[in-house]
Each structure stands twice: as C-alpha cells, then as structure tokens.
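Enquirer: kindly generate the corresponding structure for this input.
(2 chains)
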Amino acid sequence: MTDRLASRFAACVRDNRAALVTFVTAGDPDLDRAPAILAALVAGGADIIELGMPFTDPMADGPAIQDGNLRSLTAGTTLTAVLAMVTAFRAKDATTPLILMGYFNPILAYGPERFAADAAAAGLDGTIVVDLPPEEDGELSPLLATHGLHNVRLATPTTDAARLPTVLSGASGFLYYVAVAGITGAASAADADVAAAVARLKAATDLPVAVGFGIKTPVQAAAVAVHADAVVVGSAIVALIGGAAAGRVNDLPEQVEAFVAGLAGAVRGARRTQPTASPAEIAA
Amino acid sequence: MATAADPPRYHARISLRTGPDARGHFGAFGGRYVAETLMPLILELEVAYRAAQADPAFAAEFDYLLKHYVGRPSPLYFAERLTTALGGAKIYFKRDELNHTGAHKINNCIGQMLLARRMGKTRIIAETGAGQHGVATATVAARAGLPCTIYMGARDIARQAPNVFRMKLLGAEVRAVTSGSQTLKDAMNDALRDWVTNVHDTFYIIGTAAGPHPYPELVRDFQSVIGREAREQILEAEGRLPDMLVAAIGGGSNAIGLFHPFLDDDVRLVGVEAAGHGLSTDKHAASLAGGRPGVLHGNKTLLLQDDDGQIAEAHSISAGLDYPGIGPEHAWLHSIGRVEYQSATDAEALASFQRLCTLEGIIPALEPAHAIAAIERMAPTMSRDDIIVANLCGRGDKDIFTVAEALGFGL
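Expert: Model (predicted):
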C-alpha cells in the first residue's frame, strides 16, 4: 500500500509550499450532507483531511467544534457510520489522506483491534487521539502499526525538551503542533512563537510538522505556512457548517469550497509573497 | 465469585493499600488520559506531591488546618434511636457533616491548596455538582487570598441556589456550564478546558477521587483522615473494629477516604451508588452496576455509556452523585470483589433523609441519605452485637429546596 501521507507531503515539498489540512466533524451537520462537504474540502484545495470522530465530551475543543460534535451525534453518527463515510470517500478519491481525530472512548467501545482493522480496510491513513498520550497509547499504537495506520502525535507549547523524545518515539505520519495552550478555535499564537516552535521540533524530528489551533483566516494560514510543513484549520470551517445548520447558509458545499479555496490560495502563495527566512534564523 | 448475599471476607496476605502503580493504574483502571498540553502539568503535580509527602512540614500544616480550621476530628456518634428502630446492628455515624463548610470535601481542598501553594500557582479552579466541593474550594481559595473560578452545570445551579450564593459570598466566580447535560460531567469538561488554556498559573482542585493520576491517589490520601479517625474512635468506643463500613458513592471520595485504612482488615465494606429512578431505567447514576470500562476525564474507569462509547447522562436526586463515572480505585475494588457495591433509589434516599431528621435530629445531605437507605436494608438482618460505621459525609441544608419540591412543599 502506498503511503498517501508521505506522497502528499513529498508533493508539497516539491512545490515548496505547506500542505493545507482541513478539519470537519464527520456527520456534521448530518450524514446526508457530510459526503458533499468532504468533496468540497478537496475541491477547495485541501491537501489532507482530518475527520473528527464525534464524542459527547470533547474536552479539548472550543464551542464551535463542541457544537459540531453535538450536531453530528444528534443526527445519529456512530463510529461505524464514520468508517462507512471513509469507505465511500476512498472509492472516489484514492489519494487525499484522511486522518481520524477524536477521543479514545468511542474507539475503546468499538474495540481497538477491530477498529484498526476496519479503519485500514476503509482507507483511513492514521489517527490522532487527543486524550491518548504516549504513556497510555499502548492499547492502540501497536495495532495501528500492524494495520499500516499512522499514529499522529501532538506536541504543545508545554512539551519541553525533556518530554519531546517521549512524544516522538512511535510518532508517525506527521507531528501535530498545537500552537497555543488551550482549546480549539480560541486564541491564536504569535508568528514568532510558531516559527521558533517549528524550528525546535524540526531539529528533533524528520517528520513533517503541522501547526494547528487558532488559525481561522487566510492571512493567519499564510503566516504559519511560511514556517510549517502543514497548516491545520478546523473551527472556522465547522463554524461555517454550524451556520448552515442554523439555517443561515443554503449552499453549504459551495460555501465550504469557497472558504477552503481562500485558505488554500493563501497557503500556496505564502512562501512566494512573504520574505523567506529559515525557521532557524527566526528562532535565533 | 462473591455475591451480595455472600460478602467477601478478606484475610489479605498482600496489602490492597499500595496502589496505584507507578503509572497511576489500579489494576485495569486509572491512568493519565489527558491531552498532551496537560501531560507535563500532571507529571509536575506528581513530582510536587511526592516532595510534599516526604516533607514533614506539609503533613504538619495539613493536620493543623484540619484541627483548627475544619474542626477535626469529626465525632463518631452512636445513633441509638436509629439502631433501636431497625432492631439489628449498632449504627455509628462518622460526623463529617460537622466539618467547616458542611461536608467531607474540605479535607481534600485543604490538602490541594497546600500543594498549589508549594507549586507557586496563583489561580484556583474547580468543578462542582451539588456545590459542596465548590464551596469548599472557594473557602480555601479565600483563605489563601487567590482568585477562584468554579464551574457548575446550569441545571445544578438551579437546584443548589444556596451553595451558589455561598461561593459568591466567598469571593469565587461561578461560571454556569450550559453544554451537555449541564451537570457535574459537563462542569468537569469546562474546568479541564480552562486548565488547558491557563496552564502556567492555574491549579485545578479536583473534588473527587477521579481524574488523571495522581489525583485519585492524592484525593484519597487527603480523605483518608476520615477512616483513620473512625478506626481510632471505634476502637475507643467498642474496643474492636466494626463489622461493616458504609458510604455513598458518586465519584467516591468520601467512601475511599473511609474504606482505605480498612482495606486490609476483616471488615465488610459497602459503597452505595445512586439508583435514581431505578437500575432498570435509564435514569440512574450507578456506574458500577450499569457501566462498562471506558475513558473519560483523564482516567479509565467504569462509565455509563452507550454501545458507541458516547457518555450517558446520569440521573440522581442528589446533585453530588449525578455523575456517569466513578473513581478508578473503586472500579478496581469492585473488579476484585473487595468492596461490595449496592445502590439506593431517589425514593429510598428521600425516605431515609426524613427518617434521620425525625429519629436522630440530623438533617443529612441527600448523598449520605443513600448510605442510610442501604443500612436500613442491612442492619435489621444483622446481629445486635454487630457494628456498622457509616459516613455522614454532608449536611442537608443545601438540599432542603430539592427535598421540599420532591415532597410537594412550597417554600
């Protein structure tokens, strides 16, 4: 099996640009409209999709994604339905990497072994499990490896030099840097802090470094895309979907595609329009 | 396999009091299931707690404050009229409802505040259900001169107005949580969101023996003063250990505090969960009786959840028991059969609440009323020579509006 993530990152490196990672909660606002939203992300220029696995208690998420989880669960989304959605997406798109992001309990209830097997069969590329730090992921990590799924780990502003090796040991696919200590969709990091953090992480790993949390606009995305290998935008897209659920947006897939196209254009142009300084120079 | 009819009698060769292991696990339960941002803090807290444990000055200040500020030791009281009415075992109450702030919660808050100060933290947050832990946290924060924010479910705010006002009088900010079931579980979610956002200056005082390691351990340790005192006091009163200990269980901090010093003794231990409208309905909070292993709020434990791993909403007339999980040490003690777990419904707890008012002149909180309901079932079947010690973990002032509504009184 080809490594879709590695291929996608390699292509971005060839283009000298960062990848755009977009997050939506699977089944938000409902299972009928979800496939068109995934297609809209790709049409708008998303390089990688993070698919949120809904959970009743999303402790690391801000109001926008909390609401997305609730809409999805209210619409009846289950992990089985999420995997079916992945299968359907993969039938039409063989190359866009799909990463499942969420909390451990639904995976535990599904059965970690069965999950890893079914997720790989569905065409998923990896997982990010927010409440499963390296110290506790022995129940899942070996199963992911067996089934060829990436175990994407999180690093944060509180992950110091002493702890970073623990996070990196067993990490694969890419490293997700949470740019601010906080919840999704809240504060944004200062540009210089992001640059310094990316430099610190890249000195410690060969994995691509994606940066997320608090990135809501094309301008913010472009600023991060100068330094990082990938830029993650989530809450802003989920909020757009939330607007549709509240009846404010009728042509939802078109709106999502247009918004993502704005982000993609900014990310693709970032290293051409910004003065190029290496992360090491900025960190210094 | 032990059953309720044939309770286990332990003659333990291996101590059951040594947990958790180095990674914070009690058997298959416990652990540190938190977002990476919080991991360094959890590890730092553990280092600080180990240092505090090794420092005699920490224990000395804890003991001093429990004596002079909280009013410990709490009395052990022989409930003569209840004993006579039930016609069986002698019933003693550990009177933790007489503590400053009216419940056992203050024991833990004193300990965690001392830890917060050692760690140089300048802001306190907490979650609360019935408001007892919120009041206790606001109390120690006031005494420490630190700003304090309490997260409380909007539904609990509505049914616990007196405690909300107490917290405000004590200078705390009470933030209403409107997500999910708007009760304790959701308050804990929002407290965790606050903590992850304010990692550098904020100490999170968790109110029950749950959450990521080392919280279940340190909350248990701070609450174990209940069991240590009860042990001394019953030896003084009766010259022997009791036959049975009984305590109500929500997260389980008062129960583990009472039980832990007795885990290696030949004493029957009974925890009482909230059965709400009944265990056969979907409106209860009995996570041991009706839950499955899962991960929530930083630990693996038994949780009320559906087949897809979505957390169910708990129900109890007692806001303090209205939580879909339980501390991991209880989940482990349940799994090995050392503690026997029973339950009492809303109706049974209400009846016992009233019985204690008129028989003993004590208005208990609705939480220990569940323990009393279990005693009413068991005591009559026991010998008059048998001894029961139950934890009266909170007083009922906070619950009078809830009880009035349930009984159809307009206040």
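Enquirer: I'd guessed residue A:64 sits against residue A:238; true?
Expert: Yes. In this structure, residue A:64 is within contact of residue A:238 by CB atoms under 8 Å, at 4.9 Å. C-betas here are computed from N, CA, C, even on glycine.
Enquirer: and the two? Which one has more around it.
Expert: residue A:238 (29 against 22; other CB atoms under 10 Å in any protein chain shown).
Enquirer: wait, is that one part of a strand?
Expert: No. Assignment of residue A:238 by DSSP: H, G, I helix; E, B strand; the rest coil gives helix, placing it outside any strand.
Enquirer: ok, now which ones touch it?
Expert: Contacts of residue A:238 were listed using CB atoms under 8 Å, 6 or more residues apart in numbering or on different chains, and they are A:23, A:24, A:25, A:28, A:64, A:65, A:67, A:68, A:185.
Enquirer: swap in 6 Å and give it another go.
Expert: The contact partners of residue A:238, taken as CB atoms under 6 Å, 6 or more residues apart in numbering or on different chains, are A:64, A:65, A:68.
Enquirer: what does residue A:141 give?
Expert: Taking CB under 6 Å, 6+ apart as the definition, contacts of residue A:141 comprise A:151, A:170.
Enquirer: pLDDT value on it, please?
Expert: What the model reports for residue A:141 is a pLDDT of 97.
Enquirer: what's the answer for the one 3 residues further on, then?
Expert: Looking at residue A:144, its pLDDT reads 98.
Enquirer: what sits closest to residue B:65 if chain neighbours are left out?
Expert: The spatially closest residue to residue B:65, leaving aside those adjacent along the chain, is residue B:110, at 5.0 Å (CB to CB, 6 or more residues apart in numbering or on different chains).
Enquirer: what helix or strand is the one you found on?
Expert: helix B:105-118 (DSSP states H and E).
Enquirer: can you give me the buried ones in that helix?
Expert: Neighbour counts over helix B:105-118 (16 or more other CB atoms under 10 Å in any protein chain shown) mark B:105, B:106, B:107, B:108, B:109, B:110, B:111, B:112, B:113, B:114, B:115, B:116 as buried.
Enquirer: same check on stretch A:129-142?
Expert: Along stretch A:129-142, these residues count as buried under the neighbour rule (16+ other CB under 10 Å): A:129, A:130, A:131, A:132, A:133, A:134, A:135, A:136, A:137, A:139, A:140, A:141.
Enquirer: please apply the same query to stretch B:201-214.
Expert: Using 16+ other CB under 10 Å as the burial criterion, the residues of stretch B:201-214 that qualify are B:202-214.
Enquirer: and stretch A:10-20, by the same measure?
Expert: For stretch A:10-20, a neighbour-count test (16+ other CB under 10 Å) marks A:12, A:17, A:18, A:19, A:20 as buried.
Enquirer: show residues contacting it.
Expert: Everything outside stretch A:10-20 that qualifies as a contact, by CB under 6 Å, 6+ apart, is A:46-48, A:225, A:228-231, A:263-264, A:267-268, A:271.
Enquirer: could those residues be laid out in JSON lines, adding secondary structure?
Expert: Below are the contacts of stretch A:10-20 laid out as JSON lines (three-state DSSP):
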{"residue": "A:46", "secondary structure": "coil"}
{"residue": "A:47", "secondary structure": "coil"}
{"residue": "A:48", "secondary structure": "strand"}
{"residue": "A:225", "secondary structure": "helix"}
{"residue": "A:228", "secondary structure": "coil"}
{"residue": "A:229", "secondary structure": "coil"}
{"residue": "A:230", "secondary structure": "strand"}
{"residue": "A:231", "secondary structure": "strand"}
{"residue": "A:263", "secondary structure": "helix"}
{"residue": "A:264", "secondary structure": "helix"}
{"residue": "A:267", "secondary structure": "helix"}
{"residue": "A:268", "secondary structure": "helix"}
{"residue": "A:271", "secondary structure": "helix"}
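Enquirer: returning to what we had before: what's the most distant pair in the buried residues of stretch B:201-214?
Expert: Of all pairs drawn from the buried residues of stretch B:201-214, the one with the largest separation by CB to CB is B:202 and B:209; the distance is 21.0 Å.
Enquirer: packing partners of the next helix or strand along the chain from the helix holding residue B:110?
Expert: Proceeding C-terminally, helix B:105-118 gives way to strand B:123-128 as the next helix or strand, assigned by DSSP H and E. With contacts defined as 3 or more CB pairs under 6 Å, 6 or more residues apart in numbering or on different chains; DSSP states H and E, the packing partners of strand B:123-128 are helix B:132-144, strand B:148-153, helix B:184-197, strand B:202-204.
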